[in-house]
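**Student:** Make a model of this:
(one chain, ligands or ions: 1)
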Amino acid sequence: MVYEKGEDVEIIIPERMNIAEILIDENVRAGRGEKIAVRCCGDRDLGIPGSEITYWDFMVNTNRAGNALRKTGIDVDDRILMIALDTPEFLYAFFGAIKIGAIPVPVNTMLSPEEYLYYLNDSRAKAVVIHGNLTEKIREILDRAKFLRHVIVIETEKHHAENSWISFQGIMDDASEDLSPLKLSKDAMAFWLYSSGTTGLPKGVVHLQHDMLYSADTYYRHVLNVRESDVCYSVSKLFFAYGLGNSTYGAFRFGAESVLDPGIPDPEKAFRIIEDYRVSILFTVPAFYNRMLGVEDAETRFNTSSLRLCVNAGEALPAVTYHRWRERFGVDILDGIGATELTHIFISNRPGKIKPGTSGIPVPGYELKLVDEEGREVPVGRPGKLLVKGDSIAAFYWEKHEKTKKAFLGEWFDTGDMYVRDEEGFWTHVGRADDLIRTRGLWVSPVEVESALLKHPAVELCAVVQGYDENRVGIVKAFIVLSRDVSPSKELENELRSFLREAGLKGYKIPESFEFVSELPMTATGKIQRYKLRLIEREKAFNSHYEKL
Ligand code: 3UK
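**Tutor:** Model (predicted):
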């Protein structure tokens, strides 16, 4: 049976703690007050200046933020929705909130007003902290946010707080720099992140005080071995669990430096940042590694010699991408799988122990198990659904009890991923057990794309599934049965794409590949069997066959 435990390592979690104090104030106490904690490259177009923050500044500013939030009426357990770009202010609000026991809830900055309304009401946030240039996105829904009392605006050079809103910088300036962080149970709520699924609304993933500490002292300590001299730069943003770890606790736990970019990711800019800030650990996703590989002569145009490691997560890193990167930049990419509910990465390749195309081996502090549909453990060499155990697993989904019961199985968490473990002990991701599609590090639910496609008169039936491009990177693929008298063509594909765009679908959700077919695999009850199509796509891309997925 397939069960494996990561190496035993000592992880000390105090009974009473404040994770912000551990990550920030402890660096000052250890004599790192003068050391740079964060450098932000700024963004001229957004009116966000570049900045440099020492651990002392970081401590003082999170104290100020905590005091300011408290004075505004925010207290322990109150949720604060954060619609904020990667800037020092994000960190002040996030860790300042945690210092007073309030609960920061960072969300994606690229969503629609209705989506923000859902988050505000679902979390019952008392306040929202939002960057000035994003306030347009919530203005029209504010009167429907039933529990919201304060709009706190992180002002930019171009966008200021108006009338009834509060200026974040304003209340920070007025606040005292002395604060003694509220020590709470290690099991007190600390922060939430939202996670989406195939059906239903996004789920609030409730994380506890000890979760970031556990991740830092397992993955970042024992896999990456982060040290004071490291400079961490994550292309993935802070609102994504992956970026949050890379740019905050993964660096701060070890007194390292974190580089923030508030702007839109761009491969040329990423190389520039690596060179200018002497980045030692780069974190991103497969699609972005491929975009960086698309920058001609990057290895001669930019000095990347400061890189000691690169990290991949979000989707499986294709072996070809690993090899191309290594050839050109002489540095390894460590692929590892993480999940919002796990806080961070729990299976990973290790420096000096890499098998390209796999997710690696269990991270110390985590246990893995493969089961079949009935929950029975599967034999070695066979794919099964991956369950994981480790103390950074979230407590539950906020007010989604049925979904909580299906995913949080006692000490184990059901990842929804299919894995196979080989004879050498490496774990390979072989797809999702559900119908979710991953592309560019983002999730797409087939249901949303299919229902939009079905509104087009040329579409009789359709199924949208996980596909792969020529580099084996995840794309959205649509199988279409056309209405009578309509024939397939490139023009029709393009028309369907613009039709979806006009229906309001975001760019990354629009299928990159269309296949016109005469029928779709169906169950006796008339349900489309997306998993059959998904398997065919996987086999085509990877040339591999697993008997029973
Ligand atoms: C998939 C991977 C293959 C897998 C995340 C690092 O991605 C993160 O969190 P999410 O909740 O998604 C989790 C799901 O994404 N996945 C992630 N990494 C890999 N599949 N290879 C990989 N390397 O389906 C997983 O269940 O958005 C990543 C750290 C923290 C994270 N939250």
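
**Student:** Pretty sure Trp412 sits against Lys389.
**Tutor:** Yes. At 5.1 Å, Trp412 counts as touching Lys389 under the criterion of CB atoms under 8 Å. Heads up, the C-betas are built off the backbone N, CA and C, glycines and all.

**Student:** Now the common contact residues for these two.
**Tutor:** Lys369 (CB atoms under 8 Å, 6 or more residues apart in numbering).

**Student:** what's the residue of the stretch 1-150 of the chain found nearest the ligand sitting at in phi/psi?
**Tutor:** Per CB to the nearest ligand atom, Asn108 is where the stretch 1-150 of the chain lies closest to the ligand, at 10.7 Å. Backbone geometry at Asn108, expressed as degrees, to the nearest 10, gives phi -50, psi 140.

**Student:** How about Ser348?
**Tutor:** phi -160, psi 150.

**Student:** can you give me how far the one helix or strand Asn61 maps to is from the chain middle?
**Tutor:** For Asn61, the enclosing helix or strand under DSSP states H and E is helix 55-72. Relative to its chain's centre, helix 55-72 lies at 26 Å (CA atoms, centre = their mean, to the nearest Å).

**Student:** Could you list the buried residues of it?
**Tutor:** Buried residues in helix 55-72, defined by neighbour count with 16 or more other CB atoms under 10 Å: 55-70, 72.

**Student:** May I have it as CSV, with CA atoms only?
**Tutor:** Output in CSV follows, covering the C-alpha atoms of helix 55-72 (Å, rounded to 0.1, in the frame of the first residue of the first chain):
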residue,chain,number,x,y,z
TYR,A,55,13.3,44.8,10.1
TRP,A,56,13.1,47.7,12.6
ASP,A,57,10.9,49.7,10.2
PHE,A,58,8.8,46.6,9.6
MET,A,59,8.2,46.0,13.3
VAL,A,60,7.3,49.7,13.9
ASN,A,61,5.0,49.9,10.9
THR,A,62,3.1,46.7,11.7
ASN,A,63,2.7,48.1,15.3
ARG,A,64,1.4,51.3,13.8
ALA,A,65,-1.0,49.4,11.5
GLY,A,66,-2.2,47.3,14.4
ASN,A,67,-2.9,50.3,16.6
ALA,A,68,-4.5,52.2,13.7
LEU,A,69,-6.9,49.3,13.0
ARG,A,70,-7.8,49.0,16.6
LYS,A,71,-8.6,52.7,16.9
THR,A,72,-10.8,52.3,13.8
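
**Student:** So which other helices or strands are in contact with that helix?
**Tutor:** Applying 3 or more CB pairs under 8 Å, 6 or more residues apart in numbering; DSSP states H and E, we find helix 55-72 packed against helix 26-27, strand 36-40, helix 88-99, helix 168-174.

**Student:** now the angle between helix 88-99 and that helix, please.
**Tutor:** 60 degrees (axes from the mean of the first three to the mean of the last three CA atoms, to 10 degrees).

**Student:** which residue is nearest the middle of this protein?
**Tutor:** Phe240 (3.0 Å; CA atoms, centre = their mean).

**Student:** what about the closest residue to the ligand within the stretch 51-200 of the chain, how many neighbours?
**Tutor:** In the stretch 51-200 of the chain, the residue found nearest to the ligand is Ser195; the distance is 5.1 Å by CB to the nearest ligand atom. Counted with other CB atoms under 10 Å, the neighbours of Ser195 add up to 18.

**Student:** Could you list the contact residues of this structure toward the ligand?
**Tutor:** 195, 241-242, 313-316, 335-340, 344-345, 359, 415-417, 429, 432, 438 (CB under 6 Å from any ligand atom).

**Student:** Take those residues and keep only those in strands.
**Tutor:** If you go by DSSP state E, the residues of the chain next to the ligand have Ser195, Asp335, Gly336, Ile337, Gly338, Ile345, Thr415, Gly416, Asp417, His429, Arg432, Arg438 in strands.

**Student:** among those, which two are most distant?
**Tutor:** Ser195 and Asp335 (20.8 Å; CB to CB).

**Student:** circling back to that earlier point, avg pLDDT for the helix holding Asn61?
**Tutor:** The average pLDDT for helix 55-72 rounds to 98.

**Student:** Point out where this structure drops to low pLDDT.
**Tutor:** Applying pLDDT under 70 to the chain picks out residues 544-549.

**Student:** if I look at the residue sitting furthest away from the middle of the chain, how far off is the ligand?
**Tutor:** Going by CA atoms, centre = their mean, the residue of the chain most distant from its centre is Asp485, 44.1 Å out. With the distance defined as CB to the nearest ligand atom, to the nearest Å, Asp485 ends up 40 Å from the ligand.

**Student:** Give me the phi and psi for that residue.
**Tutor:** Per degrees, to the nearest 10, the backbone of Asp485 is at phi 70, psi 0.

**Student:** For Leu520, see how far away it is.
**Tutor:** Separation of Asp485 from Leu520 (CB to CB, to the nearest Å): 19 Å.

**Student:** Tell me, how many residues neighbour Ser167?
**Tutor:** By the measure other CB under 10 Å, the count of residues near Ser167 is 16.

**Student:** swap that for Ala97, please
**Tutor:** If you count neighbours by other CB under 10 Å, Ala97 ends up with 28.

**Student:** Work out for me the element the nearest residue to it once chain neighbours are set aside sits within.
**Tutor:** Once flanking residues are discounted, Ala97 sits nearest to Pro104: 4.4 Å by CB to CB, 6 or more residues apart in numbering. Pro104 is part of strand 103-106 when elements are defined by DSSP H and E.

**Student:** Show me what that strand is in contact with.
**Tutor:** 77-82, 84, 90, 93-94, 97-98, 119, 123, 125, 129, 189-194, 204, 238-239, 244.

**Student:** Output that strand as CSV, restricted to C-alpha atoms.
**Tutor:** Only the C-alpha atoms of strand 103-106 are listed here, as CSV (Å, rounded to 0.1, in the frame of the first residue of the first chain):
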residue,chain,number,x,y,z
ILE,A,103,-8.0,38.2,10.6
PRO,A,104,-6.6,39.5,7.3
VAL,A,105,-8.3,37.9,4.2
PRO,A,106,-6.2,38.7,1.1
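
**Student:** what lines up beside it in the sheet?
**Tutor:** Next to strand 103-106 in the sheet, as set by DSSP bridges, lie strand 79-83 (parallel).
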